[in-house]
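>>> Quick one: sequence plus predicted model below, questions after.
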Amino acid sequence: MDLWNHWVANWKDNYGLDTIRWKTTPGIGDSMYGLNIAFMRAFVNQKPTKFQIHFFHDKDLNYHYEDPESVYDRFEYVRKRYMWPDMVHVEPIFNSTDTALYKKFYEGITRKPKSELYRYWSFDPTIQVKTIPNKIVIWRPTFNAKQQLSGYKLPMLDHEWQRIIDRLKDFIKEENIELHLIGDALVPRALSNALHDGYRTGIRL
């Protein structure tokens, strides 16, 4: 059996439902998690999925005072780059007062063990992204809300991240590559500091 048929045979979230209600947070990861589920459901069911995403703040919120765009702008930037974006009808809800959803996080899906397919989707491969030669940016999630050993993130410990960084430093000296460290790779701090580092580095580049 090929990998695709193996995954589809184990698909636990294909009940013909077409609406997902999702609580998001200022971090783009939670929004992408919900989008991935919605897109994969639409693909497996072969019909559009409605994705109602609840922002518990206004449309123009900037999470950090130096953020170049709002939380919603960031969400839209990513969403428009998904493959086959018309498969999912997104309904944003701003200043949501749905306290039940806030506590539950999502409605309209059933997450079960060993049903991994819902986590994945793809960006549009036809979108060309320009790279900057000889530049490397590293971010390590030392103080992420959920640590890597929680069971669903890569089990990279702090000393392992440091080993990678040290080897890269040796490599770039030989190859004349410019290295930018952000987040905990620079100094262990909170997630908001890592986001700020990323924006400042991106602007400089």
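Thanks, I have the structure now.
>>> So this structure: which segments form each domain?
The record assigns the chain these domain ranges, following automatic domain parsing: 3-119, 135-204.
>>> Lowest average confidence across the ones you listed, which one?
Looking at these, the lowest mean pLDDT belongs to domain 135-204 (a mean of 68).
>>> now the strands for the protein?
Counting by DSSP state E, the segments of the chain that form strands are 19-23, 49-54, 88-93, 106-107, 135-140, 178-183.
>>> which ones are touching residue 120?
36, 40 (C-beta atoms under 8 Å, 6 or more residues apart in numbering). C-betas here are computed from N, CA, C, even on glycine.
>>> 10 Å instead, please
7, 36-37, 39-40 (C-beta atoms under 10 Å, 6 or more residues apart in numbering).
>>> so where do the helices sit in this protein?
For the chain, the helices defined by DSSP state H occupy 3-9, 28-45, 71-79, 99-104, 158-175, 191-204.
>>> Show me the contact partners of the fourth one.
Under the contact criterion C-beta under 10 Å, 6+ apart, helix 99-104 has outside partners 21-23, 52, 54, 56, 93, 96, 98, 107.
>>> Distance check, residue 46 against residue 18.
As for residue 46, its distance to residue 18 is 11 Å (criterion: C-beta to C-beta, to the nearest Å).
>>> scratch that, residue 55 is what I was asking about
Taking C-beta to C-beta as the measure, residue 55 and residue 18 are separated by 22 Å.
>>> and if you look at residue 81?
The separation that residue 81 has from residue 18, given C-beta to C-beta, amounts to 23 Å.
>>> swap in residue 82?
If you measure residue 82 against residue 18 using C-beta to C-beta, the figure is 18 Å.
>>> Could you do residue 99 as well?
Using C-beta to C-beta, one gets 25 Å for the distance from residue 99 to residue 18.
>>> same deal with residue 198?
In this structure, residue 198 and residue 18 are 35 Å apart, going by C-beta to C-beta.
>>> can you check residue 68 too?
Residue 68 sits 35 Å away from residue 18, going by C-beta to C-beta.
>>> same question, residue 175
From residue 175 to residue 18 the distance is 51 Å (C-beta to C-beta).
>>> which one of those two has more residues nearby?
In this view residue 175 and residue 18 are compared by other C-beta atoms under 10 Å, and residue 18 has more residues nearby, 16 against 8.
>>> and the closest residue to that one other than its chain neighbours, what are its bridge partners?
For residue 18, the nearest residue in space outside its immediate sequence neighbours is residue 49; the separation is 5.4 Å by C-beta to C-beta, 6 or more residues apart in numbering. When bridges are assigned using DSSP bridges, the partners listed for residue 49 are residue 88.
>>> Please shift the residue numbers so they start at 684 in all later answers.
Okay, residue one is now 684; in that scheme the one you just asked about reads as residue 732.
>>> Residue 732: neighbour count?
22.
>>> wait, doesn't it sit right on residue 768?
No. Using C-beta atoms under 10 Å, residue 732 is not in contact with residue 768; the gap is 11.9 Å.
>>> what do those two both touch?
Once C-beta under 10 Å, 6+ apart is applied, the residues that residue 732 and residue 768 both contact turn out to be residue 722.
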